[in-house]
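>>> What follows is a predicted protein model with its sequence.
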Amino acid sequence: MDAHLLDPTSSAWGSGIDQINQRLQAGANPTLLPNQFLQVVLPKLGGEIVWLREGHQELGVGFLLPRGYATIPDAHSGQPTNGDAASHRRRAYTLRYHPLNDAGHPTPKLAHELVQSLAALLQGAEVHF
């Protein structure tokens with residue numbers, strides 16, 4: 001699984017979102033987040049947009065909505081640590097996923113692979129599908 005984040009500081013940010021809107025049929029897709037939100041608000045909130053592929057086949061587009069920080073449990077007790085809280089926290093996101101074709105329709109296996117790929121890409125962030 002290959003996941004590629006769009007760069008909100010890139011001059012291609014707006015055209016990338018336009019392409020997403022076109023591919024996901026924005027005018028006829030009530031589950032798609034509004035264009036203005038994707039263009040302006042999402043990056044200011046710390047959210048991300050990710051293209052997902054398997055080999056050369058595009059699977060879907062994901063919108064990663066920030067949901068704060070998750071506490072990493074202590075390896076020995078499984079409980080949140082009482083130490084330096086900042087060093088034991090990681091970003092947490094909710095993934096709103098939109099398939100681009102039949103191969104991208106979510107299955108338990110695909111959801112697991114997506115979460116694993118995104119956690120690695122986002123440096124250990126917790127991703128909720």
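On my side now, so go ahead. Numbers count the residues shown, from 1 in each chain.

>>> show me the biggest helix of the protein in terms of residues.
Ranked by number of residues, the top helix in the chain under DSSP state H is helix 108-121.

>>> After it, which helix or strand is next?
Sequence-wise, the next helix or strand downstream of helix 108-121 (DSSP states H and E) is strand 126-128.

>>> ok, now how distant is the spatially most central residue of the chain from Gly27?
Closest to where the C-alpha atoms of the chain average out (C-alpha atoms, centre = their mean) is Leu64, at 3.2 Å. Applying C-beta to C-beta, to the nearest Å, the value for Leu64 to Gly27 is 24 Å. C-beta: built from backbone N, CA, C; applies to glycine.

>>> thinking again about what came up before, flag every buried residue along the longest helix of the chain.
Leu110, Glu113, Leu114, Val115, Ser117, Leu118, Ala119, Leu121 (16 or more other C-beta atoms under 10 Å).

>>> so how far is Thr107 from Asp7?
29 Å.

>>> My error: substitute Trp51 in the last question.
For Trp51, the distance to Thr107 - C-beta to C-beta - is 19 Å.
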